[in-house]
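Chemist: sequence and computational prediction follow.
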Amino acid sequence: EKGGWDSFMDKEIHEDPAAVQRTLLGRFDEHGDVTLDEVHIDEHDFKAIDKIIVIACGTASYAGQVAKYAIEHWVRIPVEVELAHEFRYRDPILTPRTLVVAISQSGETMDTLMALRHAREQGSKVLAICNTQGASIPRESDAVLYTHAGPEVAVASTKAFVAQITAAYLLGLYLAQVKGAMFRDEIQQVLASLKDMPAKIQWVLDTQPEAIEKAAEQMVDAKSFLFLGRHVGYPVALEGALKLKEIAYTFTEGFAAGELKHGPIALVDEGEPVVFIVPPERGRNVLHAKVISGIEEVKARGAFIIAVAERSDKDVQQYADVVFWRPECPTLMSPLVDVVPLQLFAMDMAKLKGYDVDKPRNLAKSVTVE
Ligand code: F6R
């Protein structure tokens, strides 16, 4: 059952490292080649793919948005991410060379199922990334890449999210390999950093909960939260905002940090909590500097800053009221760790407010109506 945890959500967040690890298991051989043996789409068909459209809803769509950054960078083909319910009703452009990737934890989400049926009717191949063996979505797809997060019981999706990113990354690496878009040693390097992630997530789970709980106690009466990030930190911000609204019923808004001065900064007032996902300092440090300057701007307006940042990051400490630390990792890997404190934070907030974290009001685990 709950294995000693007081909620399924608690248990499932603590299974984040295992969800990533199990999803990687058996997906590459001893030479470091990606071997998606269970994906039965012809290699020639894969080679011909010139566009990917990810269809999904909610958390699964944010996993798709994260994957877009990685797959476009690795494979050099366009990746669109679309909410399944929007995709289905807008006459999307689909060809036999389009790979539609349907991401769904439950495999029963009606919006996603209808969208995939539409894609197949138009002659595109559909690959499902799914956590539930034999569910409708994988059954109706041309191929399946299962996430091995284990059953997710709490309504709010947590471990499935990190497993979905992992699976989508494997798909991206596989495509890069088949299409010759990356050198073998580059693929091996990415695989090696993926393999490092479960231990890094574990570090967050081992060292950060106290600070997270303290922050939740401090912010429990806040009426609203803003979540900001850039690059892969942007979908992570959206996911952090969704978790908090879903289970703590706090009004949240997530957006790209670059949008601040295009409107949302008007919302920032004395004491407004603003959560920033701070990119790593090394590598893409241009983005790091830009996010730090965003922090400075809202700080100057009296915001209460919560930052998720790399543990070596000295700039953050200067401005943030609270920091949730994460170990160093490449930018593209950072969503796998950055989401973890946000999952814990939402859970702590909901618990402090006395809500049932596993069964939030008005929500069902899988939405089987359109
Ligand atoms: C968020 C959440 C929902 C689901 C969405 C898709 O915590 O649970 O947003 O992610 O309904 O569900 P699946 O992945 O089952 O298709």
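Modeler: Now that the structure is in, tell me what you want to look at.
Chemist: got the residues of this protein near the ligand?
Modeler: Counting by Cβ under 6 Å from any ligand atom, the chain comes close to the ligand at 57-60, 104-106, 109, 112, 155-157, 242, 246, 366-367. Backbone N, C-alpha and C define where each C-beta goes, glycine included.
Chemist: of those, closest to the ligand?
Modeler: Of all those, the ligand sits closest to Gly58, with 1.9 Å by Cβ to the nearest ligand atom.
Chemist: for Met110, which residues are in contact?
Modeler: Val367, Thr368, Val369, Glu370 (Cβ atoms under 8 Å, 6 or more residues apart in numbering).
Chemist: Lys245 contacts Glu253, doesn't it?
Modeler: No: the criterion here is Cβ atoms under 8 Å, and Lys245 misses it with Glu253 at 9.1 Å.
Chemist: of those two, which one has the most company?
Modeler: Legend: neighbour count by other Cβ atoms under 10 Å for Lys245 and Glu253, higher for Lys245 (18 against 15).
Chemist: just to be sure, that one is in a helix?
Modeler: Yes: assessed with DSSP: H, G, I helix; E, B strand; the rest coil, Lys245 lies in a helix.
Chemist: what sits closest to it if chain neighbours are left out?
Modeler: Among residues not flanking Lys245 along the chain, Thr252 sits closest, at 4.7 Å (Cβ to Cβ, 6 or more residues apart in numbering).
Chemist: quick one: average pLDDT of the helix or strand containing the one you found?
Modeler: Here Thr252 sits within strand 251-256, counting by DSSP states H and E. The average pLDDT within strand 251-256 is 96.
Chemist: partners of it in the sheet?
Modeler: strand 224-229 (parallel) (DSSP bridges).
Chemist: next helix or strand past the strand holding Thr252?
Modeler: Beyond strand 251-256 on the C-terminal side, the first helix or strand identified by DSSP H and E is strand 273-277.
Chemist: give me the contact list for that next one.
Modeler: Contacts of strand 273-277 (Cβ under 8 Å, 6+ apart): 219, 222, 224-230, 233-234, 236-237, 240, 257, 268, 291, 294-295, 298, 303-309, 320, 334, 338, 342.
Chemist: same question, stretch 256-272
Modeler: 224, 226, 228-230, 233-234, 237, 253, 255, 274, 276, 290-291, 294, 297-298, 301-304.
Chemist: among those, which ones are buried?
Modeler: Buried by 16 or more other Cβ atoms under 10 Å: 226, 228-230, 233-234, 237, 255, 274, 276, 290-291, 294, 297-298, 303-304, out of the contacts of stretch 256-272.
Chemist: and Lys11, that's in a helix?
Modeler: Yes: assessed with three-state DSSP, Lys11 lies in a helix.
Chemist: for it, the count of nearby residues, please.
Modeler: Around Lys11 there are 20 other residues, counting by other Cβ under 10 Å.
Chemist: from the ligand, how far out is it?
Modeler: Applying Cβ to the nearest ligand atom, to the nearest Å, the value for Lys11 to the ligand is 15 Å.
Chemist: that residue: what's it in contact with?
Modeler: Lys2, Gly3, Trp5.
Chemist: and it, what pLDDT?
Modeler: On the pLDDT scale, Lys11 is placed at 97.
Chemist: the ligand versus the nearest residue to Ile49 once chain neighbours are set aside, what's the distance?
Modeler: For Ile49, ignoring the flanking residues on the chain, the nearest one in space by Cβ to Cβ, 6+ apart is Leu99 at 4.6 Å. Distance check for Leu99 against the ligand: by Cβ to the nearest ligand atom, it reads 19 Å.
Chemist: helix/strand/coil for Leu99?
Modeler: Taking three-state DSSP, the label given to Leu99 is strand.
Chemist: burial count for it?
Modeler: 26.
Chemist: got the confidence number for it?
Modeler: Per-residue pLDDT puts Leu99 at 97.
Chemist: does it really touch Ile52, like I thought?
Modeler: Yes: under the criterion of Cβ under 8 Å, Leu99 makes contact with Ile52 at 5.0 Å.
Chemist: am I right that Val323 is in a strand?
Modeler: Yes: counting by three-state DSSP, Val323 is located in a strand.
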